[in-house]
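# please find the sequence and the predicted model below.
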Amino acid sequence: MANAKGSDDILVIPASVQSLILPDQNMSISSFLQFRLPSASITTTPPLRKYFSTDCPPKDTSYLHYLHVQPLPQLAVLQQLLHEVQHARSAGSWSVVYVHADIDQSFPFWILTFWHQASTLLNTQNKWQQAEAFLTKHKPNPVASAFHVALSGLCWSGSTRGFCDWSPIHELGPESSLWRLIWCSCSEH
């Protein structure tokens with residue numbers, strides 16, 4: 001049982017690093033849109049075994065600069081890596097490498113968790129970029145203009161407050177009461 005617990009621990013991003021590589025959930029939407037996330041990889045997929053290395057990851061954090069500039073592996077590959085990490089660890093692997101980006105650098109196993117979270121955040125950021133583009137297009141409308149200004153005060157994450165749908169704010173879409181209000185207001189002008 002202790003071995004399984006240890007395997008789970010290797011996927012946990014250290015708190016001291018997490019605040020450097022992931023956006024704060026209290027960050028405004030405008031700031032979140034400026035937060036640099038890695039891009040999605042469009043390269044071919046190398047064999048999974050090549051992602052795992054017997055090299056020890058570095059003890060310092062000098063490698064963190066790679067995280068925002070190197071692409072993420074494809075989501076299907078990432079899911080397979082997360083599934084295989086315990087097997088790779090028991091087979092003698094100590095780290096992960098960016099095989100899909102051809103970088104000769106070892107990273108701690110928690111890089112897999114970062115890749116997964118960054119992939120999810122990219123989708124969320126894309127939704128907010130679409131919302132901002134819509135608001136920018138309709139900026140002459142006072143409601144759209146006011147909401148565009150509000151992007152600098154609203155948190156990108158968490159639940160909405162003051163609207164009838166209490167879903168996570170980054171999941172608001174055209175079917176939400178907030179967007180219906182803005183859409184109807186923009187349609188009237």
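Yep, that arrived.

# now do the longest helix along the chain: which elements does it pack against?
For the chain, the helix with the greatest residue count under DSSP state H is helix 111-137. Helices and strands touching helix 111-137, by 3 or more CB pairs under 8 Å, 6 or more residues apart in numbering; DSSP states H and E, are helix 29-34, helix 64-69, helix 75-90, helix 142-150. C-beta coordinates here come from the backbone N, C-alpha and C atoms, glycine included.

# report the contact partners of the residue nearest to P73 when sequence neighbours are not counted.
Among residues not flanking P73 along the chain, H100 sits closest, at 4.8 Å (CB to CB, 6 or more residues apart in numbering). Counting by CB atoms under 8 Å, 6 or more residues apart in numbering, H100 makes contact with 41, 43, 45-46, 71, 73-74, 77.

# also L151?
Listed by CB under 8 Å, 6+ apart, the contact partners of L151 are 28-30, 33, 128, 132, 135.

# ok, 7 Å please
For L151, the contacting residues are 28-30, 132, by CB atoms under 7 Å, 6 or more residues apart in numbering.

# quick check: the residue nearest to P73 is in a helix.
Yes: under DSSP: H, G, I helix; E, B strand; the rest coil, H100 sits within a helix.

# returning to that earlier point: so which of the contacts of H100 is the closest to L64?
Nearest to L64, judged by CB to CB, of the contacts of H100 is P71 at 16.0 Å.

# gap between that closest one and I42?
As judged by CB to CB, to the nearest Å, P71 and I42 stand 8 Å apart.

# those two: which is more packed in?
Higher neighbour count among P71 and I42: P71, with 15 against 8, using other CB atoms under 10 Å.

# L151 versus the residue nearest to that one when sequence neighbours are not counted, what's the distance?
In space, P71 comes closest to S41 once its chain neighbours are excluded; the distance is 3.9 Å by CB to CB, 6+ apart. Separation of S41 from L151 (CB to CB): 29 Å.

# kindly report the same for A40.
In terms of CB to CB, A40 sits 24 Å off from L151.

# what is the burial count for the closest residue to I10 other than its chain neighbours?
Sequence neighbours aside, F109 is the residue nearest to I10 in space, at 4.1 Å (criterion: CB to CB, 6+ apart). By other CB under 10 Å, 23 other residues sit near F109.
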